[in-house]
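Participant: give me a 3D structure for the following:
(one chain, ligands or ions: 1)
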Amino acid sequence: MEEKVYGVQCKTCGKETYPAHAVCPNCGGHDFEPLEITGEGKVLTYTDVYALPLDYALRYLRLAIVELDSGLRATGQLVDDDPKIGKRVRTTVGVVRETGGRKIYGLQFVPV
Ligand SMILES: [Zn+2]
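Facilitator: This next block holds a predicted model:
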């Protein structure tokens, strides 16, 4: 089974967000439709986070904000040993953490 990651699209104004918000940041609406996060885009910025919860099996987590070709800006794990601002990446879904033996899937970006 292929895992998927969803954000939301506001039913009122069409704004796409990932991760999902309880209230639309554009119009204040509360009605959303699920939006599959997929495709390619470019790295806007990235950072390495070293202060992680104990159940992360990583030494650090490389997080990126990527602007997808759809215009959506999404935050996810950047799986790239040579990250650069502006670099082309595509979305994928992978295990971002394991807690109590349970795998938690999340959004990842890999170089194109
Ligand atoms: Zn809205």
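Participant: in the lowest-mean-pLDDT helix or strand in the chain, what's buried?
Facilitator: Lowest on mean pLDDT, DSSP states H and E among the helices and strands of the chain sits strand 88-99, with a mean of 89. Buried residues in strand 88-99, counted by 16 or more other CB atoms under 10 Å: 89-93, 96-97. No exception for glycine: its C-beta is placed from N, CA and C like everyone else's.
Participant: repeat for stretch 6-18
Facilitator: If you call a residue buried by 16+ other CB under 10 Å, then stretch 6-18 has these buried ones: 7-10, 15-18.
Participant: stretch 21-34 too?
Facilitator: Neighbour-count burial for stretch 21-34, counted by 16+ other CB under 10 Å, picks out 24, 32.
Participant: next up, the contacts around Gly76.
Facilitator: Residues in contact with Gly76 (CB atoms under 8 Å, 6 or more residues apart in numbering) are 5, 63-64, 66, 91, 106-109.
Participant: what residues does this structure put near the ion?
Facilitator: With the criterion set to CB under 5 Å from the ion, the chain comes near the ion through 10, 12-13, 15, 24, 26-27, 29.
Participant: let's have those in JSON lines, adding pLDDT, distance to Gly76 and secondary structure.
Facilitator: Output for the residues of the chain next to the ion, formatted as JSON lines (pLDDT from 0 to 100; distance: CB to CB, whole Å; DSSP: H, G, I helix; E, B strand; the rest coil):
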{"residue": "Cys10", "pLDDT": "97", "distance to Gly76": "20", "secondary structure": "strand"}
{"residue": "Thr12", "pLDDT": "97", "distance to Gly76": "26", "secondary structure": "coil"}
{"residue": "Cys13", "pLDDT": "97", "distance to Gly76": "24", "secondary structure": "coil"}
{"residue": "Lys15", "pLDDT": "94", "distance to Gly76": "19", "secondary structure": "coil"}
{"residue": "Cys24", "pLDDT": "96", "distance to Gly76": "21", "secondary structure": "coil"}
{"residue": "Asn26", "pLDDT": "96", "distance to Gly76": "21", "secondary structure": "coil"}
{"residue": "Cys27", "pLDDT": "97", "distance to Gly76": "25", "secondary structure": "coil"}
{"residue": "Gly29", "pLDDT": "97", "distance to Gly76": "24", "secondary structure": "coil"}
